[in-house]
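A.B. asks: Compute the structure for the input listed below.
(2 chains)
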Amino acid sequence: MSEAELSASDIYLQKEVVFEKGKKYLIKANSGHGKSSVLNFIYGSSHNYTGEVVYSKKEDSVFSLRQTEISYVFQDFKLFPSLTLFENIQLKNKLTHHKSTEQIDALINKMQLTHRRDSLVETLSLGQRQRVAIIRALCQPFNFLLLDEPFSHLDSSNIKIIVDVLNKELEERQASVIITALDDLPFFEFDKTINL
Amino acid sequence: MLIKLQKKTLVKIQLIGYILTLFIGVFIVLTTLQLYQDVKPLLSEQTDVFSDKSAVISKEVSVFKSVNKDRIYFSSKEIEELKEQPFIKDVSVFNNADFRIKAYSNQSENIPLFQTDLFFESIPDAYIDVKTEDWIWNENDEVVPIIIPENYLKLYNFGFAESQGLPVLSKNTISQITFNLKVIGNFNSEVYKSRIVGFSNKINSILVPETFLEYANNKFGRSKKSRISRLLVTFNNPTDERILQFFNENNYSINKDKLEFSKLSFFFNSALVFVIAVALIILVLSIAFILLSFNLIIQKNKAMISNLGAIGYSYKSISKFYQIVISLATVIAIVPAIILGIVVRKIYLERLESLFEFSESNSFILILGVAILLVLCLSYSFIILRKMKAIVLPKS
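C.D. replies: Below is the predicted model of the structure:
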């Protein structure tokens, strides 16, 4: 992004912004203000910025960073429509070998997706896809979990389920979460809210 | 799971098309190159039959030229031009006798009485393929050695002698006959003794030593000007196709036999070059085809590839499947092409060996085939890797 597009915020044009492990962050802004961009910068999938993103842990490549340090639930999910729900999750788990099939099935069950386990993702609704993307993101070790507007297609009962699952996983890993949203998220207790 | 996902992106018919065309291209390239290598010694051995690499050339005699004789002579400029041709090693001139010669025998038991007009020419001694210590003439020598074409003897034995009821002569007997030469010219005449010392297949003329001709031309010559109507040329390589082309363009006539082989090898080489060129085109097209096909696959599945990168797959692991598929297809095409090439070579070698004395040269089908295989697989792998990297890790 060029400077002309930006107004000073809690992240942009700041000397330094630190995300610490174990804390929960909310990045709040209206659409078009660069919420996704910030997450992409952190994830290393976009370099369209001036400045520097520094990680406390050095990794050989961006791919090992993505396999062991940072997990990302994309706004557009990045699922593979020609694979089934379960296969989509397995595709990630085969890479990391983080969860057993039982654990994955338990998560699918919790998210109320068991009946669609073997359906092709292209047949799922947006809300269902969003939940699949979240399960997939949990199938790897991480210290930071990035969620890009994760609840946009979900009803409150589903949000509650997801928040429970996320809280449990974060606690187990002592990991940090960075969530972007248009507005405040009352279901989550954040350590810090950052306005863009 | 990754394989299942990527398998769906392949277009099987394109892969099969690639395998087929590559197979045909590689097979023809390998076999024809090997054939060329195998037959080459046969061609050059054959040229050795023409022990010497020289031939006699003259200008074509046409209706106009028979009236104006000047046109059948070579000018010094034309000789220079000949000497400059890359395929010509050396050019020598025939010296003509510029006087009249009569040969006749004395009445004796051994030889029939005869009298005939003759002509003489001489060429540098180095070209005389009948080596003999008799081939010397000094000013005071009475006997002039001459060489006649072997055909003349045949003509006499099987034609003339038969019809006239004369005895046939062997080379040996004819060499022992001495006859008289009367040289007339420049209001002068002299009689020499002469003897046939050899027969030539190569030069269709009656030859005397250069020293004699120079001496006699001086003494009996009607004009002092020497005119050159025939040349003796030595080639670097008588199978060179340019020889025939050059002589045809300049309307020179050449002992055709000598160049029949050049013609033959020209056609053989041209045919082979044509076949190799077509096979190379097939080969190149098949490679271009599969690259285009993979490019399309990658472009069509760009989103999938970049998503795989986004969930943590490295571009190397994404490339692996395509690298294996394209390498496997290349192996499936080239290995049978190598095997078929070796089998075909065995068949034609058997035929060649039954027809000619033929020593087998080494086969490079396997080595060249494997080299093509390796080069293709490595380049494909590199190209795919680069393309995947560009998608998974975009610069901006």
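A.B. asks: mind listing what residue 188 touches?
C.D. replies: No chain in the question, so chain A it is. A:24, A:26, A:163, A:179 (Cβ atoms under 8 Å, 6 or more residues apart in numbering or on different chains). The C-beta positions use only the backbone N, C-alpha and C, and glycine is treated the same way.
A.B. asks: Wait, chain B was what I had in mind.
C.D. replies: Here B:Asn188 is in contact with B:219-220 (Cβ under 8 Å, 6+ apart).
A.B. asks: Could you identify the most distant pair in the contacts of A:Phe188?
C.D. replies: Farthest-apart pair in the contacts of A:Phe188 is A:Leu26 and A:Val163; separation 12.9 Å (Cβ to Cβ).
A.B. asks: neighbour count winner among those two?
C.D. replies: A:Leu26 (21 against 16; other Cβ atoms under 10 Å in any protein chain shown).
A.B. asks: for the more buried one, phi and psi?
C.D. replies: Here is the backbone geometry of A:Leu26 (degrees, to the nearest 10): phi -120, psi 130.
A.B. asks: my guess is it contacts A:Phe190, does it?
C.D. replies: Yes. Counting by Cβ atoms under 8 Å, A:Leu26 does reach A:Phe190; the two are 4.4 Å apart.
A.B. asks: before we move on, what SS does the nearest residue to B:Pro149 once chain neighbours are set aside have?
C.D. replies: Distances taken as Cβ to Cβ, 6 or more residues apart in numbering or on different chains put B:Asn204 closest to B:Pro149, at 5.2 Å, once the chain neighbours are dropped. Look at B:Asn204: counting by DSSP: H, G, I helix; E, B strand; the rest coil, its state is coil.
A.B. asks: So which residues on chain A come close to chain B?
C.D. replies: A:45-48, A:61-63, A:66-67, A:72, A:74, A:78-80, A:82-83, A:87, A:90-92, A:94-96, A:136, A:140 (Cβ under 8 Å from any Cβ of the partner chain).
A.B. asks: Just the buried subset of those, please.
C.D. replies: The neighbour count (16 or more other Cβ atoms under 10 Å in any protein chain shown) marks A:45-46, A:62-63, A:66-67, A:72, A:74, A:78-80, A:83, A:87, A:90-92, A:95-96, A:136, A:140 as buried among those.
A.B. asks: taking those residues one by one, which sit in strands?
C.D. replies: In this view, those that belong to strands under DSSP state E are A:Tyr72.
A.B. asks: from the buried ones among the residues of chain A next to chain B, which ones fall inside helices?
C.D. replies: A:62-63, A:66-67, A:87, A:90-92, A:95-96, A:136 (DSSP state H).
A.B. asks: Need the max-distance pair from the residues you listed.
C.D. replies: The widest separation within those (Cβ to Cβ) is 24.7 Å, between A:Val62 and A:Glu87.
A.B. asks: got any residues that touch both of A:Leu26 and A:Phe190?
C.D. replies: A:Ile179.
A.B. asks: Pick out the least confidently modelled helix or strand of chain B, by mean pLDDT.
C.D. replies: Using mean pLDDT, DSSP states H and E, the weakest-scoring helix or strand in chain B turns out to be helix B:63-67, at a mean of 61.
A.B. asks: So for the strand or helix carrying B:Tyr215, mean pLDDT?
C.D. replies: Assigned by DSSP states H and E, B:Tyr215 belongs to helix B:210-220. What helix B:210-220 shows for mean pLDDT is 85.
A.B. asks: ok, the closest residue in space to A:Ile162 that isn't next to it in sequence - contacts?
C.D. replies: Using Cβ to Cβ, 6+ apart and skipping residues adjacent in sequence, the residue nearest A:Ile162 is A:Ile134, 6.0 Å away. Going by Cβ under 8 Å, 6+ apart, A:Ile134 touches A:73, A:111, A:147, A:150, A:162, A:165-166.
A.B. asks: Pull the most distant pair out of those.
C.D. replies: Pairwise distances across these (Cβ to Cβ) peak at 14.7 Å, for the pair A:Met111 and A:Leu147.
A.B. asks: just to revisit the earlier point, name the nearest of the contacts of A:Phe188 relative to A:Tyr12.
C.D. replies: Ranked by distance to A:Tyr12 (Cβ to Cβ), the contacts of A:Phe188 are led by A:Leu26 at 16.3 Å.
A.B. asks: Next up, the contacts around the closest one.
C.D. replies: By Cβ under 8 Å, 6+ apart, the residues touching A:Leu26 are A:179-181, A:184-185, A:188, A:190, A:192-194.
A.B. asks: Would you confirm that B:Lys102 belongs to a strand?
C.D. replies: Yes. Counting by three-state DSSP, B:Lys102 is located in a strand.
A.B. asks: what about it, neighbour count?
C.D. replies: For B:Lys102, using other Cβ under 10 Å, the count is 15.
A.B. asks: Contact partners for it?
C.D. replies: B:115-118, B:181-182, B:184.
A.B. asks: Surely B:Tyr156 is in contact with B:Leu169?
C.D. replies: Yes. Using Cβ under 8 Å, B:Tyr156 makes contact with B:Leu169 at a distance of 7.0 Å.
A.B. asks: which residues of chain A fall in helices?
C.D. replies: Going by DSSP H, chain A shows helices at A:35-43, A:62-68, A:85-96, A:101-110, A:126-138, A:156-173.
A.B. asks: Could you export these as TSV, including mean pLDDT?
C.D. replies: Formatted as TSV, these follow (pLDDT from 0 to 100):
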stretch	mean pLDDT
helix A:35-43	92
helix A:62-68	90
helix A:85-96	94
helix A:101-110	95
helix A:126-138	94
helix A:156-173	92
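A.B. asks: Going by neighbour count, list what's buried in stretch A:154-168.
C.D. replies: Counting neighbours by 16+ other Cβ under 10 Å, stretch A:154-168 gives A:154, A:158-159, A:162-163, A:165-166 as buried.
A.B. asks: my bad, stretch A:176-194
C.D. replies: A:176-181, A:185, A:188, A:190, A:194.
A.B. asks: can you give me the end-to-end distance of it?
C.D. replies: Stretch A:176-194 has an end-to-end distance of 15 Å (criterion: Cα to Cα, to the nearest Å).
A.B. asks: And stretch A:9-16, by the same measure?
C.D. replies: End-to-end distance for stretch A:9-16: 12 Å, by Cα to Cα.
A.B. asks: strand partners of the longest strand belonging to chain B, parallel vs antiparallel please.
C.D. replies: For chain B, the longest strand by residue count, based on DSSP E, is strand B:188-200. Here strand B:188-200 is paired, per DSSP bridges, with strand B:143-149 (parallel), strand B:178-185 (antiparallel).
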